[in-house]
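Visitor: here is a sequence with its predicted model. Questions after.
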Protein chains: 2
Amino acid sequence: MQDIVKYRKVLERLIDEGQELKILTLISRLHPDDIASLIDDLEEDQKSRLFRLLDVETAADVIMELDGISRELIVEDIPDEKLTEIVDDMPTDDAADFIAELPEDQAQRLLSRIDQDKSEDVQRLLEYPEDSAGGIMQTELVALGRDTTVTRAIEHIRSRRDELENVHNVYALDDESRLVGVVPLSSLLFADGETPLKDIMDKQVVVAAAGMDQEEVAALFRKYDLVSLPVVDDGRHILGRILVDDIIEVIEEEVSEDMFRMAGISEEEDVVYSGPTFKVCMTRLPWLVFNFFGTLVSGYFLWLYQSKLTEMLALLAFVPVICAMSGNIGVQSTSIVIRGIATGRVDFSNLRKLVFKESAVGLLIGLVCGVLGGVIGFVWQSSWLIGIVVFVAMFIAISFGALLGVLVPLFFKKIKIDPAVASGSLIATTNDLVAINIYFLFAAFMMRCFFTA
Amino acid sequence: MQDIVKYRKVLERLIDEGQELKILTLISRLHPDDIASLIDDLEEDQKSRLFRLLDVETAADVIMELDGISRELIVEDIPDEKLTEIVDDMPTDDAADFIAELPEDQAQRLLSRIDQDKSEDVQRLLEYPEDSAGGIMQTELVALGRDTTVTRAIEHIRSRRDELENVHNVYALDDESRLVGVVPLSSLLFADGETPLKDIMDKQVVVAAAGMDQEEVAALFRKYDLVSLPVVDDGRHILGRILVDDIIEVIEEEVSEDMFRMAGISEEEDVVYSGPTFKVCMTRLPWLVFNFFGTLVSGYFLWLYQSKLTEMLALLAFVPVICAMSGNIGVQSTSIVIRGIATGRVDFSNLRKLVFKESAVGLLIGLVCGVLGGVIGFVWQSSWLIGIVVFVAMFIAISFGALLGVLVPLFFKKIKIDPAVASGSLIATTNDLVAINIYFLFAAFMMRCFFTA
């Protein structure tokens, strides 16, 4: 697996020379995920030439591991007949994801050509939203009456060996076909043949509803250390199961989304990393333009104040640091809240504690930085007035910045908007604006007190 | 599982009333992870009172799911004898993690009291760095000669039923005990009893070296869709195996680390969310202080320039927006690089492409924002000179900001420092400084050209 780069060079040469047999020998030693990486790295015209050499089973394993661009190129080149065989060999969740990407007419054609049972299952899966439990589950699973004996259960599994992959659990049903227990394969092996499933099943079955958001599903996997999770309808009838490898993908997706949103980037990873430059700009411009006008307003205030405060031009030197500190602590608080929500460490039960904690942290850090800034202001400009103004403004701007940083994402969460939406950019911009106003208003107040008096 | 809040109220009352039997009835219906959540939420003095009621097996499942603070409180209250039984019932990876947290003398005492084989295994595990493959693996696994028949393999697994939990695979060894294949439990069930393992094993075994960093281990799980991963020494002898639920924890940990570092927060999640206020401040102050001095230098330049540019005070209005834009685009680029490295989308093979892409994005966004700023400057201040200065400065500051945002984390990566270390704060601060200088130097240049002429 380790020497992909070495393989790529050899492979490119073999493809150019058309040495199909040697290619197959080379490929047969590789893991499907590695074959996918190799194809992703090949030149456009070589991708299909390599893919066409794969047997149906390998092709079915490889195709969903390819990046979207490679897959699209390859699919254009495969005859419908081979495509049908490949989809027939995929688990239903992959088949549904694959078909969802195709143009409508090709999708319909494929659905009518593949195995009929599978086609029905796939069409059912396609009805669920992409990011719901139903959208990521597969229908391949083993569910048996709870009175079934271990021997019968094993026979049943063996009779479906061609269809089942990655079986980890047997689901036990009551007489009304409701899910009442789960039996790991290892428990089947441990038990005597005559034992009924109900005697060895775990009755604490963690389940997901089909409409549950994939982020919540991931939280269940994390919390209960699951390898697979059954999805049920309102009557606890089992609809499918979700496997842990798909959940790892979900977690990575959600994390990227949070990190990008924090930085003011909308859109999916695929666009950010592989889209054309213009499209990438469009994922990043909206928030930048928001920031543009936000900070322009800050600038407008700066301009307003400076024209009134020409006698205290020295104050300007502290504008960048006060704005930056207030923005930075805000982004810290926001990151902590957003990550806390994502990992379940922050929820509405411990909210008040969090807000108090962040406020305390803000006050303390505000005090430290305020004293630092005040002393520097006093020493540098030899003016106790500047020292005091910088100290007070910095202290207030930082404490307030921390508070905003924790309240804004919580507010978004409360009104059911993803708290990561723009919170980073929003907080930085808002805090800038607030800081400049605190600073100059207080300076003006001090000057009125001491100079006009 | 869903009604933890409801349970908590009832439970608190029952504990106060000392109704042990009712508590046990209530608890017995719950998943160990839910029991852990309940204990975490209880008042300090009630945590131990509930934990003491659990049977050894449940206690062993619950204890590592508690948060660190609850666990510490509870451990103080358990007699050594019970603790020994609990540790004896834990898998070796949990036992090692648990013992690593104890004071040295208590750890030694426990190690001498638990089952001797387990004690030796645990001591071996304790020698690996916490965040290496060795540090997260467990020694419980099934490894058999590749000539073993399926029937014998199943008998072997059944004979160890008390000790094994979560068996997903049987590892096949050659005559020198080297790992040569992996057999999922389902394949064991599918095959005939007389088949030797070597006929059904998968020879593409993905393995980890014991010293491999946990982040790389997680990448293997993600890439190869694994449920468990064997850890081997240089001679391919199997040392242990890593389970996917531990990997989900690793992924979450690494993500939090990246997000926090981006925001200039050092230290672990536990401290950030549950540490005392003073300690939390110390995780956040270092980078804030760095920013403080960084932006103070920007302020110093601002002060230097403004005293020379009093004739163009209007320029000041654009300082916040130019600094913010350059900082924001830099943070966007940095986020993209850091997340790309974490997910494997960015590596040294596609570096040049990424740098070109980000430069192009920077130039394009710089152009858009530059024109916007230039027009506003021209219209607002009725000065074509200000319009030009704002346009040029904004354009250069943004393009340059994007470039720095991509190059700095790559540079850190190159010199083997975590690119997320401070990149967010570092970039924002550096870009501020650069932007202010570009802006005023260009303004001074323009003024020399047009006014002194």
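Guide: Ah, there it is.
Visitor: wait, A:Val280 sits on B:Ser359?
Guide: No. Applying C-beta atoms under 8 Å, one finds A:Val280 not in contact with B:Ser359, separated by 11.7 Å. Every C-beta, even on glycine, is put in place using the N, C-alpha and C of the backbone.
Visitor: which residues do those two both contact?
Guide: By C-beta atoms under 8 Å, 6 or more residues apart in numbering or on different chains, A:Val280 and B:Ser359 have no common neighbours.
Visitor: the two: who's more crowded?
Guide: A:Val280 (23 against 18; other C-beta atoms under 10 Å in any protein chain shown).
Visitor: which stretch of helix or strand covers the more buried one?
Guide: For A:Val280, the host element (DSSP states H and E) is helix A:277-308.
Visitor: how about the following helix or strand past that helix, does it reach chain B?
Guide: Downstream of helix A:277-308, the next assigned helix or strand under DSSP H and E is helix A:319-343. Yes. Contact of helix A:319-343 with chain B is found when judged by C-beta under 8 Å from any C-beta of the partner chain, involving A:319-321, A:323-325, A:327-329, A:331-332, A:334-336, A:338-340, A:343.
Visitor: with stretch A:223-234 instead?
Guide: Yes. Counting by C-beta under 8 Å from any C-beta, chain B is contacted by stretch A:223-234 at A:223-227.
Visitor: which among those residues end up buried?
Guide: Burial by neighbour count, 16 or more other C-beta atoms under 10 Å in any protein chain shown: within the residues of stretch A:223-234 next to chain B this picks out A:223-227.
Visitor: export the residues you listed as CSV, with columns for secondary structure.
Guide: Output for these, formatted as CSV (DSSP: H, G, I helix; E, B strand; the rest coil):
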residue, secondary structure
A:Lys223, helix
A:Tyr224, helix
A:Asp225, coil
A:Leu226, coil
A:Val227, coil
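Visitor: tell me the one of these nearest chain B?
Guide: Closest to chain B out of those is A:Asp225 (3.7 Å), distances taken as C-beta to the nearest C-beta.
Visitor: ok, and the closest non-adjacent residue to that closest one?
Guide: B:Asp245 (3.7 Å; C-beta to C-beta, 6 or more residues apart in numbering or on different chains).
Visitor: so which elements touch the helix-or-strand element of chain A with minimal mean pLDDT?
Guide: Using mean pLDDT, DSSP states H and E, the weakest-scoring helix or strand in chain A turns out to be helix A:269-274, at a mean of 72. The helices and strands touching helix A:269-274, judged by 3 or more C-beta pairs under 8 Å, 6 or more residues apart in numbering or on different chains; DSSP states H and E, are helix A:68-77, helix A:244-262, helix A:277-308, helix B:319-343.
Visitor: and the contacts of that helix?
Guide: Residues from elsewhere that reach helix A:269-274 (C-beta under 8 Å, 6+ apart): A:67-69, A:253, A:256, A:260, A:265, A:279-280, A:283, B:336, B:339-340, B:343, B:345-346.
Visitor: got it, and stretch A:281-292?
Guide: Outside stretch A:281-292, the residues that touch it by C-beta under 8 Å, 6+ apart are A:264-267, A:271-272, A:275, A:422, A:425-426, A:428-429, B:321, B:324-325, B:328-329, B:332, B:361, B:364-365, B:368-369, B:372-373.
Visitor: give me the buried entries from the residues you listed.
Guide: Buried by 16+ other C-beta under 10 Å: A:264-267, A:272, A:275, A:422, A:425-426, A:428-429, B:321, B:324-325, B:328-329, B:332, B:361, B:364-365, B:368-369, B:372-373, out of these.
Visitor: could you report the neighbour count for A:Lys279?
Guide: By other C-beta under 10 Å, the residues close to A:Lys279 number 12.
Visitor: which one is it nearest to, not counting chain neighbours?
Guide: Closest to A:Lys279 by C-beta to C-beta, 6+ apart is A:Val271, at 5.7 Å.
Visitor: so A:Leu367 makes contact with A:Phe395?
Guide: Yes. A:Leu367 lies in contact with A:Phe395 (C-beta under 8 Å); the separation is 6.1 Å.
Visitor: who has more neighbours, those two?
Guide: Just comparing A:Leu367 and A:Phe395: by other C-beta under 10 Å the higher neighbour count belongs to A:Phe395, 22 against 16.
Visitor: what count of nearby residues applies to the closest residue to the more buried one other than its chain neighbours?
Guide: Spatial nearest neighbour of A:Phe395, excluding adjacent residues (C-beta to C-beta, 6+ apart): A:Gly370 at 3.5 Å. Applying other C-beta under 10 Å, we find 23 residues neighbouring A:Gly370.
Visitor: who's in contact with A:Leu66?
Guide: A:36, A:39-40, A:74.
Visitor: those in strands, which ones?
Guide: If you go by DSSP state E, the contacts of A:Leu66 have nothing in strands.
Visitor: take those residues and write them to a markdown table, including neighbour count.
Guide: Rendered in a markdown table, the data for the contacts of A:Leu66 read as follows (neighbours: other C-beta atoms under 10 Å in any protein chain shown):
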| residue | neighbour count |
| --- | --- |
| A:Ala36 | 22 |
| A:Ile39 | 25 |
| A:Asp40 | 14 |
| A:Ile74 | 21 |
